[in-house]
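[1] structure for the following, please:
(chains A, B, C and D)
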Number of protein chains: 2
Amino acid sequence: MPSTSDSFTGSVWLRPPRAQTGQPSLSREQIVRAAIELLDAEGPAGLSMRRLGAKLGSGATSLYWHVANKDELLELAVDEVFGEIYVPEPGDTHWRVGASISANGMRSALLRHPWVIGLLGLHPTLGPNAMRLGERLVALFTAAGFSGMPLSHATATLNAHAIGSATSEAAIKSALKRTGKTWEEVAEDVEPYLERLAPDNPNYEKWRKETGPLRNDPERVLEETYAFGLDRLLDGLELWLTKSGAEPPAV
Amino acid sequence: MPSTSDSFTGSVWLRPPRAQTGQPSLSREQIVRAAIELLDAEGPAGLSMRRLGAKLGSGATSLYWHVANKDELLELAVDEVFGEIYVPEPGDTHWRVGASISANGMRSALLRHPWVIGLLGLHPTLGPNAMRLGERLVALFTAAGFSGMPLSHATATLNAHAIGSATSEAAIKSALKRTGKTWEEVAEDVEPYLERLAPDNPNYEKWRKETGPLRNDPERVLEETYAFGLDRLLDGLELWLTKSGAEPPAV
DNA sequence: GAGCCAATCGCACACCGTACGAGAGAGGCT
DNA sequence: AGCCTCTCTCGTACGGTGTGCGATTGGCTC
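    Now for the predicted structure:
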């Protein structure tokens, strides 16, 4: 371990890659992939260095040659997940479609790997895949007519919507998965609690009574919530674009 | 511990409160408050049951009388933080202002207690404070003219924006705090990395060069990003409201 | 005073991240 | 050929973690 001085977060990305000559039976990519598999299968609690080592047929501490510590491994895993997100080229679609595809990709990647959500607030992700994502979004929104700080704000807001939506969605799905109950069973469980709180929540209660019959398939509802918000957001961005009098640059 | 059957997430909220007769030198509220102090001061890693016990002058395992386990303690702490968020009454302001105040409150609560962000994806929060928040938002958006599922979508989207924005913001601030460096120093550290990746990120690089001089105070930029997104979102919601021909109910 | 029961606590267990140093084995140099 | 160096693996050990369990305390009601 050359132990470069702690530049920025001491982040993986800023450190020169490791030279290689010996007999590597382990590799960083392999470790990261295995870690992701464990995390997907059993959640954040399912990943320990010992278990990961076992899964790879090696000692737990051997991993520390390829990875400085567990935190760094998680950073690598997060960026790997970002690699799954596709952002269209500017020319391929209208920017609204491109932005939708990008946000959908972010959302579904986060829902496929919900453990990522809990890590996003810890370090800024500036791995190569995250950078590529940023690059593509800049290209997309530049072509749409954004520039300067508003461009950055727009892309950040798009991502914020995907992240925020995925967070709430993951919370619900995690509860369903953990209890193994169906949506109906959970609703039954919560019902008496809501009844008890009803006097304090008249408006919510009224809304709940009125929309009760409509709220059946939670999967669908969650998706609609996300899509509704995305459409409103894109409407707002488009409105700003026209009002600010921006011209899309020549394609 | 009466050990009620595991209703829903076995969530704290659905369990009857504990009877009380003995000599309580510890209380649930006190424990939760102390836990929040520890979490605020030292982050998620700073909270252990032993340290918490020590801080309260009691044995670590004494806490387990008042709290089923650490997860439950964290759920309680999250709801406590939600209690800090103020949502105006419908009559008090235009709904856009009310929604802004609410989202601002959510954002700043999350930034005051960044550890909450990492917990939001784990359980749906249905504590009393979260419920009160929901109630107020329903009231606000009902008065604005929303109803049915779109009402729920609108409130969820508002929260998603606050959560998503706070997540990215917390990531950056956490890195700054952890390294103790100034924004300029971090920028210097990252610079060579960005230069190296520049060939792959032409659009991003172009944007970066153009806006370089403008991007000074990150605190301000982050706030502007959030505010820009919020405005676009509210624009989009307002547009939908007028286009859907909804009438605000009599006030 | 007897008995009950809420509340506190110490101990122990299994597990965690990881520092450290010993060793294996390949490659390059003389 | 001999040796040295450098990459890589691994066992051991340390100080921590969450928490199950049983013993203990002390105030309350009969």
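[2] any low-confidence regions in the stretch 1-150 of chain A?
    Filtered on pLDDT under 70, the stretch 1-150 of chain A yields the residue ranges A:1-10, A:15-24.
[3] repeat that with 80
    Counting by pLDDT under 80, the stretch 1-150 of chain A has low-confidence residues at A:1-25.
[4] near chain B, which residues of it?
    A:6-10, A:13-14, A:114, A:117-126, A:128, A:131-132, A:134-135, A:138-139, A:142, A:147-150 (C-beta under 8 Å from any C-beta of the partner chain). Where you see a C-beta, it was placed from the backbone N, CA and C, and this is true even at glycine.
[5] kindly recompute the last result at 7 Å.
    Within reach of chain B by C-beta under 7 Å from any C-beta of the partner chain, the stretch 1-150 of chain A has these residues: A:7-9, A:13-14, A:114, A:117-118, A:120-124, A:128, A:131, A:134-135, A:138-139, A:142, A:148-150.
[6] in ChimeraX, how would I select just the buried ones from the residues you listed?
    One line in ChimeraX is enough to select the buried members of those, burial here meaning 16 or more other C-beta atoms under 10 Å in any protein chain shown:
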select /A:7,8,9,13,14,114,117,118,120,121,122,123,124,128,131,134,135,138,139,142,149,150
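[7] just the ones of the residues of the stretch 1-150 of chain A next to chain B in helices?
    Among these, the ones falling in helices (DSSP state H) are A:128, A:131, A:134-135, A:138-139, A:142, A:148-150.
[8] which of these sits closest to DNA strand C?
    Using C-beta to the nearest atom of the strand, A:Pro128 comes nearest to DNA strand C of these, at 22.5 Å.
[9] now do the contacts for that closest one.
    A:79, B:197 (C-beta atoms under 7 Å, 6 or more residues apart in numbering or on different chains).
[10] what does the one 5 residues further on give?
    The contact partners of A:Leu133, taken as C-beta under 7 Å, 6+ apart, are A:82, A:85, A:87.
[11] now intersect those with the helices, please.
    A:Phe82.
[12] in CSV, list the contacts of A:Leu133 along with distance to A:Ile172 and neighbour count.
    Formatted as CSV, the contacts of A:Leu133 follow (distance: C-beta to C-beta, whole Å; neighbours: other C-beta atoms under 10 Å in any protein chain shown):
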residue, distance to A:Ile172, neighbour count
A:Phe82, 23, 23
A:Ile85, 22, 22
A:Val87, 27, 21
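[13] out of the contacts of A:Leu133, who's nearest DNA strand D?
    For the contacts of A:Leu133, the nearest to DNA strand D is A:Phe82 (25.6 Å; C-beta to the nearest atom of the strand).
[14] how near is the nearest residue to that closest one once chain neighbours are set aside to DNA strand C?
    Nearest non-adjacent residue to A:Phe82, counting by C-beta to C-beta, 6 or more residues apart in numbering or on different chains: A:Asn129, 4.1 Å away. In this structure, A:Asn129 and DNA strand C are 22 Å apart, going by C-beta to the nearest atom of the strand, to the nearest Å.
[15] contacting residues for A:Asn129?
    A:79-80, A:82-83.
[16] what do you get if the cut-off is 8 Å, keeping everything else the same?
    A:79-80, A:82-83, A:85 (C-beta atoms under 8 Å, 6 or more residues apart in numbering or on different chains).
[17] show me what the helix or strand hosting A:Glu210 is packed against.
    Element membership of A:Glu210, judged by DSSP states H and E, is helix A:202-211. Counting contacts by 3 or more C-beta pairs under 8 Å, 6 or more residues apart in numbering or on different chains; DSSP states H and E, helix A:202-211 packs against helix B:128-144, helix B:148-179.
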